[in-house]
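> sequence and predicted structure below; questions after.
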Amino acid sequence: THSVTSEPLQRGEVYLMGPDLRMRTDSRNDPIGRNVKASLSGTVEKNGVDTLSVREALAGKADVCIITDYRGKKVLSAYAPLAVKGLQWAILSEIDMEEAMAPTAALAKITAGLTVAIALLALILSLVVSGRIVSPIRRLTGWARQVRDGDLSLVEIKAPKNEIGVLNDSFRGAIKSLRAANAAIGRQTKLTSAINKVFREALTCETVEDVAKTALRVAEELTGSKFGFIGEINAAGLMDTIAINNPGWEACDIVVPDAKNFIKDMPLRGIDRSTLREGKSRIVNADQIGKHPDRVGMPQGHPPITCFLGVPFKREDKTVGMIGLANKEGGYSQEDQETIEMLSVAFYEAMLRKRMERQVQEQSILKTAHAELSDRMRGDLTTDALCRNIISYLCNRMEAPTGLMYLAGEDGTLRLASSYAHKHKKHLASEY
């Protein structure tokens with residue numbers, strides 16, 4: 001049995017379920033009662049999960065909905081079936097509704113409180129002043145209504161240099177703060193949506209490369225980049241590119257066979273790959289890129305680079321890969337870097353999960369093939385029959401049109417023992 005521990009996302013949890021409604025990964029929210037060991041040895045009621053999302057996913061359905069989870073809490077649940085040969089599991093990603101809606105609720109409270117306070121203050125002032133201060137108060141009141149309706153644009157009001165002027169300045173400062181808070185919440189919402197999108201689409205991706213392309217596309221959309229790449233450090237300490245979205249290839253004039261040679265076993269140098277060597281993020285904009293000390297030039301046919309943002313992937317404080325983005329109009333900002341740094345953790349986690357999922361699938365396929373081949377080898381078979389069973393099974397399993405099987409004799413000679421869909425020709429030797 002292969003046990004995989006669910007790593008937490010920025011919020012919420014992701015876990016796998018078996019058809020027996022028991023955990024196949026440890027729960028983040030109930031690590032004692034609903035870990036793999038407790039779930040498999042305990043009861044479904046106390047140690048498993050029997051929710052609408054689990055049953056829908058095990059029935060082969062995928063969706064996102066609001067449910068009551070195993071803790072009795074309302075959660076936003078994304079689920080899908082996870083088919084591994086011989087097994088039917090379910091994968092679920094869930095976050096508490098209270099946590100998911102917290103930024104919206106906080107913004108609503110701030111806006112409502114600010115609107116009420118300003119409206120009350122405007123009403124009090126309107127009762128004790130008159131003449132030249134009535135017009136500014138009316139305009140301030142109208143501005144407060146504008147804010148109440150969700151419009152946070154600034155309004156120019158000519159207020160006297162008295163309490164009304166102080167009120168106008170304070171209100172303007174409050175609106176600026178509220179706009180900044182609203183922008184921060186908007187960025188956080190975009191980040192959460194981007195992370196959810198990557199993990200949601202990763203459920204249907206076939207390979208790690210497909211997951212990397214999805215993550216790269218999301219990063220390009222968030223930053224307004226024209227193209228980019230995702231790379232990993234290989235066993236030789238060089239970089240292998242595992243994802244380049246189509247706009248990057250389309251902008252490249254290098255002959256395709258030659259281009260393939262440039263994306264594998266790349267040394268850790270240049271403006272882009274020095275991100276891996278240094279293990280930290282970097283921004284190189286148009287005013288620096290031509291004279292940057294790490295610049296080594298580009299191969300003929302490579303699209304021109306006007307600006308670059310590189311962010312490393314970290315695993316236990318070790319640099320294992322990176323995402324590189326290029327050619328955003330106007331260049332990259334510190335906000336762009338912080339955004340991709342926060343997303344990079346989720347991006348690499350999604351890639352690792354897909355790689356782990358593929359390994360589980362491959363191990364299951366090998367286990368099944370081993371069992372099937374063992375069945376073909378059972379019984380009191382002659383050497384010829386045994387060899388014939390083996391070569392025919394291997395050819396069918398690997399979809400090979402023909403095959404030959406040789407056995408080594410005591411004298412070291414290889415002799416043809418059996419064949420599949422192969423017609424022996426007399427002039428060809430059958431032993432070597």
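Received it, and whenever you're ready, just let me know what you need.
> mind listing the helices for the stretch 201-350 of the chain?
With DSSP state H, counting those that start in this stretch as the criterion, the stretch 201-350 of the chain has helices at 208-223, 246-250, 256-261, 270-278, 286-289, 334-377.
> can you give me the mean pLDDT across the first one?
What helix 208-223 shows for mean pLDDT is 90.
> how about stretch 174-184?
Per-residue scores along stretch 174-184 average to 76.
> any idea how far it is from the middle of the chain?
Distance of stretch 174-184 from the chain centroid (CA atoms, centre = their mean, to the nearest Å) equals 29 Å.
> would you mark the buried spots in it?
175, 178, 181, 182 (16 or more other CB atoms under 10 Å). Placement of C-beta: from N, CA and C, glycine included.
> the last one should be in a helix, yeah?
Yes - assigned with DSSP: H, G, I helix; E, B strand; the rest coil, residue 182 falls within a helix.
> which secondary structure elements does the helix or strand containing residue 120 contact?
Using DSSP states H and E, the element containing residue 120 is helix 102-128. In this structure, helix 102-128 packs against helix 134-148, helix 163-202, with contacts taken as 3 or more CB pairs under 8 Å, 6 or more residues apart in numbering; DSSP states H and E.
> using PDB, list the CA coordinates for the shortest one.
It refers to helix 134-148. C-alpha atoms of helix 134-148 as PDB (Å, rounded to 0.1, in the frame of the first residue of the first chain):
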ATOM      1  CA  VAL A 134     -23.500  73.600   3.400                       C
ATOM      2  CA  SER A 135     -22.200  72.900  -0.100                       C
ATOM      3  CA  PRO A 136     -19.100  71.000   0.900                       C
ATOM      4  CA  ILE A 137     -21.100  69.000   3.400                       C
ATOM      5  CA  ARG A 138     -23.600  68.000   0.700                       C
ATOM      6  CA  ARG A 139     -20.800  67.000  -1.600                       C
ATOM      7  CA  LEU A 140     -19.100  65.000   1.100                       C
ATOM      8  CA  THR A 141     -22.500  63.300   1.800                       C
ATOM      9  CA  GLY A 142     -22.800  62.500  -1.900                       C
ATOM     10  CA  TRP A 143     -19.300  61.100  -1.900                       C
ATOM     11  CA  ALA A 144     -20.100  58.900   1.100                       C
ATOM     12  CA  ARG A 145     -23.100  57.500  -0.800                       C
ATOM     13  CA  GLN A 146     -20.800  56.900  -3.800                       C
ATOM     14  CA  VAL A 147     -18.500  54.900  -1.500                       C
ATOM     15  CA  ARG A 148     -21.400  53.000   0.000                       C
END
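> picking that back up, and the helices and strands packed on helix 102-128 as a markdown table, adding distance to residue 49?
A markdown table is the format used below for the helices and strands packed on helix 102-128 (distance: least, CB to CB, whole Å):
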| stretch | distance to residue 49 |
| --- | --- |
| helix 134-148 | 43 |
| helix 163-202 | 19 |
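> for residue 378, which of these is the nearest?
helix 163-202 (40.8 Å; CB to CB).
> packing partners of the closest one?
Helix 163-202 sits against strand 74-84, strand 87-96, helix 102-128, helix 134-148, helix 208-223, helix 334-377, with contacts defined as 3+ CB pairs under 8 Å, 6+ apart.
> burial measure for the nearest residue to residue 13 once chain neighbours are set aside, as a count.
Nearest non-adjacent residue to residue 13, counting by CB to CB, 6 or more residues apart in numbering: residue 28, 3.9 Å away. Residue 28 is flanked by 17 other residues according to other CB atoms under 10 Å.
> how far away is residue 28 from residue 412?
In this view, residue 28 and residue 412 are 59 Å apart by CB to CB, to the nearest Å.
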